[in-house]
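Asker: can't give you the sequence, but here's the structure:
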């Protein structure tokens, strides 16, 4: 049986260590990709509801210059205003 001297390299051990590290990297890359996809799906679902209308007058909320939904309708009502009672 061969013993390892200080100058001799453990090629099998190095290979196994590299494989373990690569497997670990792949696992976490897949988890991150799945998390990003979930965030994208959630964002798409949230932006699908951007046709929100003012509860008081029924006009659609406009978009800001940055493209995000505004909180004020063209009539000046905010999203938080309760509907007018009849």
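Answerer: Good, I have the coordinates. Just so you know, these numbers come straight off a predicted model, no measurement behind them.
Asker: and the strands in the chain?
Answerer: Using DSSP state E, the chain contains no strands.
Asker: domains in it, as residue ranges please.
Answerer: 10-48, 51-80 (automatic domain parsing).
Asker: list the buried ones in the first one?
Answerer: So that's domain 10-48. Of all the residues in domain 10-48, not one is buried under the rule 16 or more other C-beta atoms under 10 Å. Using the backbone N, CA and C atoms, a C-beta is placed for each residue, glycine as well.
Asker: distance from the chain centre to that domain, please.
Answerer: 14 Å (C-alpha atoms, centre = their mean, to the nearest Å).
Asker: now stretch 71-81
Answerer: 28 Å.
Asker: neighbours of residue 77, just the number please.
Answerer: Look at residue 77: counted by other C-beta atoms under 10 Å, it has 19 neighbours.
Asker: any chance of the domains of the chain in a markdown table, plus mean pLDDT?
Answerer: Output for those, formatted as a markdown table (pLDDT from 0 to 100):
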| stretch | mean pLDDT |
| --- | --- |
| domain 10-48 | 88 |
| domain 51-80 | 76 |
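Asker: I'd like to know how many residues surround residue 78.
Answerer: Neighbour tally, residue 78, other C-beta under 10 Å: 13.
Asker: residues touching it, list them.
Answerer: Residue 78 makes contact with 71, 72 under the criterion C-beta atoms under 8 Å, 6 or more residues apart in numbering.
Asker: and it, bridged to which residues?
Answerer: residue 72 (DSSP bridges).
Asker: that one and residue 21: what is the separation?
Answerer: As judged by C-beta to C-beta, to the nearest Å, residue 78 and residue 21 stand 53 Å apart.
Asker: next: residue 35.
Answerer: In terms of C-beta to C-beta, residue 35 sits 21 Å off from residue 21.
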